[in-house]
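Asks: starting from these lines, generate the structure:
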Amino acid sequence: MFDKIKHKLHNAFIPPDENAPFNAPPGVVRPRVFLDIAIGEHECGRIEIELFSDITPEWLAQGVTIDGAPCSYTGATFHRVIPGFMIQGGDFVHHNGRGCMSIYNGGGSFPDENFKLKHSKAGLLSMANSGPNTNGCQFFITTAAADFLDGKHVVFGRVVDGMKIVRAIENTPVTVGDRPIKPCVIIGSGEAPLVHTAAADHTASHTRHTTGHTADRTGLVESPAPAHIVQPPPAVVAS
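Replies: As a prediction, this is how the structure comes out:
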């Protein structure tokens, strides 16, 4: 009896695994991609990302070709950075947050695939949009938990290596409009070697809150005309 009580008490104090919802099922090998980053004239290093191909297969398909030509994020920038929230990039059309391209609808936007995963931690890759069913080529990486995005943006991957590079982008000085003063450029991108294990390399650091950005900043924008969609609440982006 004492051993059973001891076991229950022990389990009661085991913290929940924040990575559990994002781990691959047994036997599933997920693809990985990489983004090599330069900030200004300085080559910072590589961000490696695991794509949730078993949860969001449509997004993975849209990254293959456009009009028969391979897609590439090489040359695209992280054009919008808000510390304590996210870094946004992937506009390889206009490089300013207005570009949208995919293999669907003649190169236009495509519907939200599902909202199975939550924005519960730093290091998650999610689709930027200008409202429901307006996904394209842009994405963002969370630098803190952001549950107010749940049900509005599709989580489709996570950083498994190079979170320090994400933090370097997050901490680069920005203008009043959240645009990095020094360009944060993807100078190389492609498929990373497959890792034949269900366990991912969990490198995303703990949620961090920073000051310096007011609560009236607009949401994640991706459209020919800028749109206001998701409002970071004061608890997430301090004023």
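
Asks: thought Lys118 was touching Pro21?
Replies: Yes. The pair formed by Lys118 and Pro21 meets the contact definition of Cβ atoms under 8 Å, at 7.1 Å. Glycine gets a C-beta too; all of them are placed from N, C-alpha and C.

Asks: now do the strands in the chain.
Replies: Ranges of strands within the chain are 32-39, 42-51, 65-66, 69-70, 78-82, 86-89, 124-127, 139-142, 155-161, 184-192, based on DSSP state E.

Asks: looking at this structure, which helix or strand is least sure?
Replies: Across the helices and strands of the chain, mean confidence by mean pLDDT, DSSP states H and E is lowest for strand 65-66: a mean of 46.

Asks: quick revisit: Pro25 is nearest to which of the strands of the chain?
Replies: strand 42-51 (13.4 Å; Cβ to Cβ).

Asks: how about the strands of the chain in a markdown table, adding distance to Pro111 and mean neighbour count?
Replies: Shown next, in a markdown table, are the strands of the chain (distance: least, Cβ to Cβ, whole Å; neighbours: other Cβ atoms under 10 Å):
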| stretch | distance to Pro111 | mean neighbour count |
| --- | --- | --- |
| strand 32-39 | 22 | 20 |
| strand 42-51 | 18 | 18 |
| strand 65-66 | 18 | 14 |
| strand 69-70 | 23 | 8 |
| strand 78-82 | 23 | 25 |
| strand 86-89 | 20 | 26 |
| strand 124-127 | 11 | 25 |
| strand 139-142 | 16 | 26 |
| strand 155-161 | 13 | 24 |
| strand 184-192 | 25 | 18 |
